[in-house]
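Asks: when you get a sec, could you give me coordinates for this:
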Amino acid sequence: MKRLLIALAIIIALITYFLMPVYQFYAHRHEAPMLGASYIHVPNSGPTDSIVFDEDFVTQGELAVAQIESHRRGINSPGISAAVAINGKLVWAGASGWADIEREVPMTTRSVFRIGSTSKALTSALLARLVDKNALTLDTPISTYPVGQLNPKWQNITPRQLASHMAGIPHYGENTEFDGLYRSISLNTHYTNVADATRLFDESELLFSPGEAFSYSSLGTVLLSAVMQESTNTQFQYAMRKEVLQPLGMQHTYAQEESNSDNSLAENLVTFYWHKDDKGELVKPWRDVDLSHRLAGGGFISTSSDLVRLGIGFNSNNFVSASTRSAFWTPQTLNDGQVNEQGYAIGWRVRESDFGEGIGRLFQANHGGVSRGAQSWLMVIPDYNMAVAVNINAKTEHFWDFGSVSFDIASLFLRHHIESIQQAKLLTGA
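Replies: Down below sits the predicted model:
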């Protein structure tokens, strides 16, 4: 009897060990309560941090930090961070609230967040650099590379299709390879080599033949990162640092797992929170997760200031050629010649948006991201060489409940900038 009870206890422990990550996965989607630490209240008020890098925008900086503090309270986020670049330079960065509530660590302009799928804009920047250097072409089948030969159905897929979600690669929950599906849910396996992460889905069925339809897929971006790695014969993470992060001065952007072995990297990493319900003031810290299996598609961490550096960098001819940028910011077409259903470009979403009275409609390229206990948004407005980034260490029920403040901030700085241009013209008689 004693042996039977021990065996039963072992079986229950094993079942719990394997099923608990699945349970926590559904907690991420608010289909189950998050387990672990006790709930704590999100303070109604919190510290603020604001740095103005251009004296012409002092008033706008003061107004912007008030905007994000009000927005933080409105969405019950522990903390929020934002940054603005205009005319190709960083002009303001601000933060409000708490990076860690219990330890009373304030959110600052140096705070580092999970950026989720905003990572795809980073990956797009590396792809654009490699295209400019003829290290690969957008329309060469990935079967040219060893990783592209792992699945016979991948033979005719191209980097363009992977970057625009038209390759037929499944998203996480659509993966028909059971072990890979489990590992992408459990979030507890580390992958140093991005090529190893492709093994999670290399036996999965395609959703459709390459180029026939559109289906958003972070796993497709992971496959793209392995192709880029093999095209350069360089580790993806190293290529990213060499080609994107270092040239753009993005010193606080990296894979979160790098902070595990470097305390200096972890110093400004925020605590990520889960809301008890979608609109409540009670939160608890997220469990530890390893996002290395989705690095290129959703595993990087960064600051708001670094993200605007990416935005204005991508808009610079010194970083990406005008012809390549134009291609990357053009909605991609399916095999039948029709633009894909989301108008998705190459690693970016693009559209025209109304920024209000005195500004009007402007083209903007963007990418948002949702991760465990975090949301991120980056928007680039090429006409004014402008970029706006916003990050929080929580998750809202609807993404735009969080991201809408980016338009308020953009309009605030744009309106002043346009008025300054008009006044300068009057003074010079131009």
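
Asks: which residues does the residue nearest the centre of the chain contact?
Replies: By C-alpha atoms, centre = their mean, the mean C-alpha position of the chain lies nearest to Thr118, the distance being 2.0 Å. Applying C-beta atoms under 8 Å, 6 or more residues apart in numbering, we find Thr118 in contact with 300, 302, 307, 367-369, 376-378. Every C-beta, even on glycine, is put in place using the N, C-alpha and C of the backbone.

Asks: for Ala163, same thing?
Replies: Per C-beta under 8 Å, 6+ apart, neighbours of Ala163: 123-124, 127, 138, 221, 224, 346-347.

Asks: look up phi and psi at the residue nearest to the centre of the chain.
Replies: Main-chain torsions, Thr118, degrees, to the nearest 10: phi -60, psi -20.

Asks: quick one: name whatever helix or strand follows the lowest-mean-pLDDT helix or strand in the chain.
Replies: Every helix and strand in the chain was compared by mean pLDDT, DSSP states H and E; the lowest is helix 2-28, with a mean of 54. Per DSSP states H and E, helix 2-28 leads on to strand 40-41 as the next helix or strand towards the C-terminus.

Asks: what about the helices in the stretch 201-350 of the chain?
Replies: 218-232, 236-240, 263-266, 304-314, 322-328 (DSSP state H, counting those that start in this stretch).

Asks: highest mean neighbour count out of the ones you listed?
Replies: Per residue and on average, the most neighbours among the helices of the stretch 201-350 of the chain fall to helix 304-314, with a mean of 27 (mean count of other C-beta atoms under 10 Å).

Asks: that one - contacts with which helices or strands?
Replies: For helix 304-314, the contact count by 3 or more C-beta pairs under 8 Å, 6 or more residues apart in numbering; DSSP states H and E identifies strand 79-86, strand 89-100, helix 119-132, strand 374-381, strand 386-392 as packing neighbours.

Asks: Gln251 and Tyr344, how far apart?
Replies: For Gln251, the distance to Tyr344 equals 30 Å [C-beta to C-beta, to the nearest Å].

Asks: same question, Ile51
Replies: Ile51 is 34 Å from Tyr344, by C-beta to C-beta.

Asks: and what of Thr221?
Replies: From Thr221 to Tyr344 the distance is 12 Å (C-beta to C-beta).

Asks: now do Ser305
Replies: 26 Å.

Asks: repeat that for His165.
Replies: His165 is 6 Å from Tyr344, by C-beta to C-beta.

Asks: tell me, what's touching these two both at once?
Replies: Contact with both His165 and Tyr344 is made by residues 214, 216, according to C-beta under 8 Å, 6+ apart.

Asks: going along the chain, name the helices of the stretch 51-200 of the chain.
Replies: Using DSSP H, counting those that start in this stretch, helices in the stretch 51-200 of the chain cover 58-75, 119-132, 159-163, 178-186, 194-197.

Asks: which sections of the stretch 301-430 of the chain are below the confidence cut-off?
Replies: Along the stretch 301-430 of the chain, the model assigns pLDDT under 70 to residues 429-430.

Asks: mind putting the helices of the stretch 201-350 of the chain in JSON lines, distance to Ala387 included?
Replies: Output for the helices of the stretch 201-350 of the chain, formatted as JSON lines (distance: least, C-beta to C-beta, whole Å):
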{"stretch": "helix 218-232", "distance to Ala387": "21"}
{"stretch": "helix 236-240", "distance to Ala387": "19"}
{"stretch": "helix 263-266", "distance to Ala387": "24"}
{"stretch": "helix 304-314", "distance to Ala387": "3"}
{"stretch": "helix 322-328", "distance to Ala387": "14"}
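
Asks: for Thr192, which of these is the nearest?
Replies: helix 236-240 (8.5 Å; C-beta to C-beta).

Asks: before we move on, the earlier item: so which of Ile51 and Tyr344 has more stuff around it?
Replies: Each of Ile51 and Tyr344 has its neighbours counted (other C-beta atoms under 10 Å); Tyr344 has more, 21 against 17.

Asks: pull the contacting residues for that one.
Replies: 164-165, 214, 216, 331-332.

Asks: hmm, 6 Å instead?
Replies: Shown in contact with Tyr344 (C-beta atoms under 6 Å, 6 or more residues apart in numbering): 164-165.

Asks: please apply the same query to Gly311.
Replies: Going by C-beta under 6 Å, 6+ apart, Gly311 touches 378, 380, 387.

Asks: if I look at the residue lying closest to it once chain neighbours are set aside, how far off is Met166?
Replies: In this structure, Gly311 finds its nearest non-sequential neighbour in Ala387, 2.8 Å apart by C-beta to C-beta, 6 or more residues apart in numbering. Distance, Ala387 to Met166, using C-beta to C-beta: 26 Å.

Asks: of these two, who's got more company?
Replies: Remark: of Ala387 and Met166, Ala387 carries more neighbours, 30 against 26, as counted by other C-beta under 10 Å.

Asks: which strand residues bridge the more buried one?
Replies: Beta-bridge pairing of Ala387 under DSSP bridges involves Ala85, Val380.
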